[in-house]
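Trainee: Give me coordinates for this.
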Amino acid sequence: MTFTNFLRAIVLSLFIVTVTAACGPDDDRDPTDPTDVTLGETTFVVVVNPTINDINEAPMPEPGPDRSGVDVESSTSSAQTAEEGIAVLSPVEPGQVELGFRSDDIDATLNQSIADRDLVEVAVAVEDEEAQQMVRVVYAFGDTVVEISADDPIDVVEDALSASDQIVLLSEGTYTGDLDLSGSNVTLFGAGLTGGRVVIDGDITISGSDNRIRGAHIKGNLEVGGSSTGISFSRIDGDAELSGSDNVLLQNQFCSSITISGGDTVALGNRGLEPLSADCD
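Mentor: Sure thing, here's the model as predicted:
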């Protein structure tokens, strides 16, 4: 399947999901779901006032009390945050974007930049008339994207993850075997509108630097030796060990033990990390 056809399928699926399961402030979706996004369409995933996990080591503005029911808008799109404080803005005009935050108690703006076709996750501390960036993660879908099917041998996935400067887009399904992100600036991106559709039945090692994992259910262990790793909207069933520095953990679920020995870890909104409990049933 070409990348263009893949996007058309995603758009069609998104339309169906939007009609049958609209998301509002009382939505009870899994907190680690990456929410509805159309891959290849310029998009912000905004996380409003996520909880700062106890293991966070980076300087961080204090999140405000309001999480759900906050209207988030750009000049071309708007959305309201659900229970976990997540809003998806798409499509967004590339370039400099002013994000607005509105509720009964909030009237604030935050300037952000975004390139054409990129997906940007940004966590924001918002209260009264002030909005401050907590962390920002960029997925450059305007650059090289390698599509992988669950029918492909695990060696094909491993080879793609050993390259650098690309997004490895995994289609829905289960991938059996251990994987190593040994390249640099490579992303393992699990496709799917609301997460849980890409399962890695094995262990994952991240030995390269500046790598990312998004939207994956990892049934084995996770070992991160590289630095500047980003992990978001994923679930890890096994033990996790992070020895690299400057890592970002955003809206994940850790179901077993986690050991962090690297410095300057950013940890926001992660279940299974204090003060948030996991829900791994």
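
Trainee: Residue 228 reaches residue 244, doesn't it?
Mentor: Yes. Under the criterion of CB atoms under 8 Å, residue 228 makes contact with residue 244 at 7.5 Å. All C-beta atoms are positioned from the backbone trio N, CA, C, and that covers glycine.

Trainee: Can you pull the residues that touch both of these two?
Mentor: Taking CB atoms under 8 Å, 6 or more residues apart in numbering as the criterion, residue 228 and residue 244 both touch residue 209.

Trainee: Those two: who's more crowded?
Mentor: residue 244 (22 against 17; other CB atoms under 10 Å).

Trainee: Which parts of this protein are helices?
Mentor: Using DSSP state H, the helices found in the chain span residues 3-20, 154-162.

Trainee: and these, which one is worst for confidence?
Mentor: Among the helices of the chain, helix 3-20 carries the lowest mean pLDDT, at a mean of 35.

Trainee: in the stretch 51-200 of the chain, what spans have low per-residue confidence?
Mentor: Within the stretch 51-200 of the chain, the segments meeting pLDDT under 70 span 192-196.

Trainee: For residue 241, give the beta-bridge partners.
Mentor: Counting by DSSP bridges, residue 241 forms beta bridges with residue 223, residue 259.

Trainee: residue contacts, it?
Mentor: So residue 241 contacts 221-224, 258-259, 261 (CB under 8 Å, 6+ apart).

Trainee: Kindly indicate which of these lies nearest residue 67.
Mentor: Closest approach to residue 67 among these (CB to CB): residue 258, at 23.7 Å.

Trainee: which non-adjacent residue is nearest that closest one?
Mentor: Distances taken as CB to CB, 6 or more residues apart in numbering place residue 240 nearest to residue 258, at 4.2 Å, with adjacent residues excluded.
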